[in-house]
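1. For reference, the sequence and a predicted model appear below.
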Amino acid sequence: MKKKQLKVDPIKTGTVIDHITAGKALQVAEILNISNSESEIMVGINLYSKKMGKKDIIKIENRELSEEEAGSIALISPTATLIIIENYKVVRKFFIDVPEKIKHHIICPNPNCITNIESVPTLFFLAGKNPVEVRCSYCEKKYFIEDVKFSF
Amino acid sequence: MKNLISMRDISKEDILKLIDSANKIETGKIKVDMSGKLAALLFFEPSTRTHFSFETAVKKLGGNTFSMSGTSSTSVKKGETLSDTLMTISMYVDIIIIRHIIEGAARFASETVNIPVINAGDGTNQHPTQAMLDLYSIQKTQGSLNNLTVGMVGDLRLGRTVHSLAQALSDFNPTFYFASPRHLQMPAYIKDDLKAKNIKFTELEDIKEVMHTLDIMYVTRIQKERFAVLEDYEKVKDSYIITKKLLEGVKKNFKVLHPLPRVNEITKDVDDTEYAYYFQQARNGVFMRQAIIAELLNLEKH
């Protein structure tokens, strides 16, 4: 029997975030502030993927992502790809680069870091790609991306 | 250079330029005039030695200082934010020298005020003027920073000075030996940086076997309170004490450096040898800090 691939309806126009690390879709959804969105949104978790075994996917009608949003997604799931859909057709498909500089969104895990004491937005620099590591520009401590918390 | 916050911000060229100007200040080849200018020494975390060194540097340049030590008598105690304290003080002075127990406080200060800021130590993070004076001491004793064999001994895990120095020297093709008790080894992130730059380093528990190859030995204090079990401390403490006897057979140019204060990790009999350099090292700190202040304030040199 032919394996049924398409479990989620296609969208007419909008963005598909594909190949999200399995289990990370809800975190990505949080970045995109989906709960306050009027758009039609489909979230798939633990879907079958030839490449990855399991993956998550998010489809959003009528929405383009900002560069900053895309960068934040890459932090959470470096494998994610963005697919831009217009009139049911793929017009662009690309990997997202992890940004070199991340403003605001990472909370520094170091309790003795100034960013946890004075009201100052955090700034992190990319310090390693595989696995993703980031360095706080203030306390200069380096962390694996899995070990940091985000605020969006 | 506008501020001196972290050795990460400083290029090899900056390092060489500051060493050159420290040397010219020390030998009297240039005179720098800071008269009419005021430095605020904000030691939120008290540190007598660094405080005195900066104060000496400013005064020898002809400048003036005002000081704060600890937070008990300040607005900090009344609940003022650090940024308000800094902004206010920056209205009075030409340069801020800050030491704080909070990591990143100096970088934050430099982003808050419009005058130059020098980091005089931020928690376990950076102490760039110490690293610079260490480099100046190495340059003076070895004639160069290039291709040296450097042993670092003691608490390498928490010793901020050895971290900065290892990173700063890594632009000059060193060979490192790191001797420490097992649980006080150089942290992984420093070793990763060194590996990425292809720097040769070896970790040992005893420095004895490589003494004859060293140009510089940098000693730090092993603090008893770092050990959970006192027996462990008793077991290792003597392997990290530098004695005159240990120095037999070292190279002629060999020098012992130490950021001070020392407790017992270098015995008194080493002081009288030609290898002891830690007090001159402290003296070099004044010239280096003069050079840094002159550079940041763009002071006229004659």
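-> Nice, thanks for sending it over.

2. burial of B:Phe201, as a residue count?
-> The burial count assigned to B:Phe201 is 18, neighbours taken as other Cβ atoms under 10 Å in any protein chain shown. Any C-beta I mention is one placed from the backbone N, CA and C, and that applies to glycine too.

3. brain fart, B:Gly70
-> Under the neighbour criterion other Cβ under 10 Å, B:Gly70 is assigned a count of 12.

4. swap in B:Lys29?
-> By the criterion of other Cβ under 10 Å, B:Lys29 has 12 neighbours.

5. per-residue confidence at it?
-> B:Lys29 carries a pLDDT score of 96 in this model.

6. In contact with the closest residue to it other than its chain neighbours, which residues?
-> Computed as Cβ to Cβ, 6 or more residues apart in numbering or on different chains, the closest residue to B:Lys29 that is not its neighbour in sequence is B:Asn23, at 7.8 Å. For B:Asn23, the contact set (Cβ atoms under 8 Å, 6 or more residues apart in numbering or on different chains) comprises B:Lys29, B:Tyr136, B:Lys140, B:Phe287.

7. The third one touches B:Asn284, doesn't it?
-> Yes: in this structure, B:Lys140 is within contact of B:Asn284 by Cβ atoms under 8 Å, at 6.7 Å.

8. More neighbours: those two, which one.
-> A side-by-side neighbour count of B:Lys140 and B:Asn284, using other Cβ under 10 Å, places B:Asn284 first with 26 against 18.

9. so what does the helix or strand where that one lies touch, helix or strand wise?
-> With the criterion set as DSSP states H and E, the secondary-structure element containing B:Asn284 is helix B:278-296. With contacts taken as 3 or more Cβ pairs under 8 Å, 6 or more residues apart in numbering or on different chains; DSSP states H and E, helix B:278-296 sits against helix B:12-26, helix B:48-60, strand B:117-122, helix B:128-142, strand B:255-257.

10. Serialize the ones you listed to a markdown table and add fields for mean pLDDT.
-> Written out in a markdown table, the entries for the helices and strands packed on helix B:278-296 read as follows (pLDDT from 0 to 100):
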| stretch | mean pLDDT |
| --- | --- |
| helix B:12-26 | 97 |
| helix B:48-60 | 96 |
| strand B:117-122 | 97 |
| helix B:128-142 | 98 |
| strand B:255-257 | 98 |
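
11. so of the ones you listed, which one's packed in deepest?
-> strand B:117-122 (a mean of 27; mean count of other Cβ atoms under 10 Å in any protein chain shown).

12. so how many other residues sit close to the nearest residue to B:Leu257 once chain neighbours are set aside?
-> By the measure of Cβ to Cβ, 6+ apart, the closest residue to B:Leu257 outside its immediate chain neighbours is B:Tyr218, 4.8 Å from it. Applying the criterion other Cβ under 10 Å, we find 28 residues in the vicinity of B:Tyr218.

13. so what's B:Tyr218 scoring on pLDDT?
-> In this model, B:Tyr218 is scored at 98, pLDDT.

14. Tell me what it is bridged to.
-> Following DSSP bridges, B:Tyr218 is listed with bridge partners B:Met152, B:Leu257.

15. roughly how far apart are it and B:Leu156?
-> According to Cβ to Cβ, to the nearest Å, B:Tyr218 and B:Leu156 sit 10 Å apart.

16. same thing with B:Asp206?
-> Between B:Asp206 and B:Leu156 the computed distance is 14 Å (Cβ to Cβ).

17. who's more crowded, these two?
-> Between B:Asp206 and B:Leu156, B:Leu156 has the larger neighbour count (other Cβ under 10 Å), namely 23 against 12.

18. Could you pull up the residues touching B:His302?
-> In this structure, B:His302 makes contact with B:Ile30, B:Lys31, B:Val32, B:Asp33, judged by Cβ under 8 Å, 6+ apart.

19. now do 6 Å
-> Under the criterion of Cβ atoms under 6 Å, 6 or more residues apart in numbering or on different chains, the contact partners of B:His302 comprise B:Lys31.

20. Near chain B, which residues of chain A? Just list them.
-> Taking Cβ under 6 Å from any Cβ of the partner chain as the test, the list of chain A residues beside chain B reads A:Asn112, A:Cys113, A:Ile114, A:Ile117, A:Glu118, A:Val120, A:Tyr138, A:Cys139, A:Glu140, A:Lys142.

21. Adding neighbour count, pLDDT and distance to A:Gly14 as columns, could you present those in TSV?
-> Converted to TSV, those look like this (neighbours: other Cβ atoms under 10 Å in any protein chain shown; pLDDT from 0 to 100; distance: Cβ to Cβ, whole Å):
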residue	neighbour count	pLDDT	distance to A:Gly14
A:Asn112	18	95	44
A:Cys113	26	97	38
A:Ile114	27	97	40
A:Ile117	17	93	41
A:Glu118	18	93	40
A:Val120	18	94	36
A:Tyr138	29	97	38
A:Cys139	26	96	40
A:Glu140	23	94	40
A:Lys142	18	93	37
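
22. Could you find the closest non-adjacent residue to B:Ile98?
-> If the residues on either side of it in the chain are set aside, B:Ile98 comes closest to B:Leu42, at 4.7 Å by Cβ to Cβ, 6+ apart.
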